[in-house]
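[1] From the sequence below, what's the structure:
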Amino acid sequence: MSNLSLKTLAAALLLGGSGLAMAANDGQARANELLNADPQYRETWQGVVKKEERLPEWVINLSGTSEQMNAVTEDSDGYLVGPLCETADTCLNKRLIVAFSLDKEDAYAMLVEVPAGLPADKSPTRHASYRFIGKPDEGMQKLLMEQLKKDPNWY
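    Predicted coordinates for the structure are as follows:
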């Protein structure tokens, strides 16, 4: 094999393998990509949602629109946390804040729903319903709420 071919192969392997490593370590993942990125994420999430009743399809499949996730710490444990919306247009009304432990063993979420057609002068926080998924403890619930409050449109 020529020297150029070995370099090309090495570069391809590095680039291909680095995507999941980045997703797990520095928040370069998106919630709507996790289940396809790693079978461990899928298995953990399916274990969480199978214990829940009447979840929307987009929540069960983590499909929709999402932004980059961030690595955060809660009670000395690391989590990959980020938002997921049913669609970009309905993000204020239907969103999910997802948290996966960095070891991919645990997952939690908070489903936030605001009535459609809420006037712009009405605060979404006063009209929202919150549903925690995966039985998060008080510290995790606080972390999920803090992530929601980072949205400049959430007041």
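[2] Helices along this structure, start to end?
    Taking DSSP state H, the helices of the chain run over residues 3-25, 31-37, 39-49, 57-60, 124-127, 138-149.
[3] can you pull the contacts of the closest residue to Leu55 other than its chain neighbours?
    In this structure, Leu55 finds its nearest non-sequential neighbour in Val49, 5.9 Å apart by CB to CB, 6 or more residues apart in numbering. (C-beta placed from N, C-alpha, C; glycine too.) Contacts for Val49 were tallied using CB atoms under 8 Å, 6 or more residues apart in numbering; they are Leu55, Val59, Ile60, Ile133.
[4] where's the second one relative to Met110, distance?
    Spelled out, it's Val59. According to CB to CB, to the nearest Å, Val59 stands 11 Å off from Met110.
[5] Ok, the last one next?
    Between Ile133 and Met110 the distance, using CB to CB, works out to 7 Å.
[6] What of Leu143?
    9 Å.
[7] got it, and Pro152?
    According to CB to CB, Pro152 and Met110 sit 18 Å apart.
[8] For the two, indicate the residue with more neighbours.
    Taking neighbours as other CB atoms under 10 Å, Pro152 and Met110 compare with Met110 leading, 23 against 6.
[9] Against Thr125, how distant is the more buried one?
    13 Å.
[10] Kindly report the same for Pro39.
    37 Å.
[11] The two: which is more packed in?
    Ranked by neighbour count (other CB under 10 Å), Pro39 and Thr125 place Thr125 first, with 14 against 10.
[12] quick one: the more buried one and Asn153 touch, right?
    No: counting by CB atoms under 8 Å, Thr125 does not reach Asn153; the two are 10.9 Å apart.
[13] Contacts for stretch 28-41, please.
    19-20, 22-24, 42, 45, 61-69, 80, 82-84, 96, 98, 100, 104, 107.
[14] ah, wrong one, I meant stretch 99-108
    For stretch 99-108, the external contacting residues (CB under 8 Å, 6+ apart) are 24-25, 34, 38, 40-41, 44-45, 47-48, 71-72, 74, 77-81, 98, 109, 132-136, 140, 143-144, 147.
[15] Looking at the contacts of Val49, which is nearest Thr90?
    Val59 (12.9 Å; CB to CB).
[16] give me every residue that touches that closest one.
    Each residue near Val59 by CB under 8 Å, 6+ apart is listed here: Val49, Leu84, Leu96, Ala109, Leu111, Ile133.
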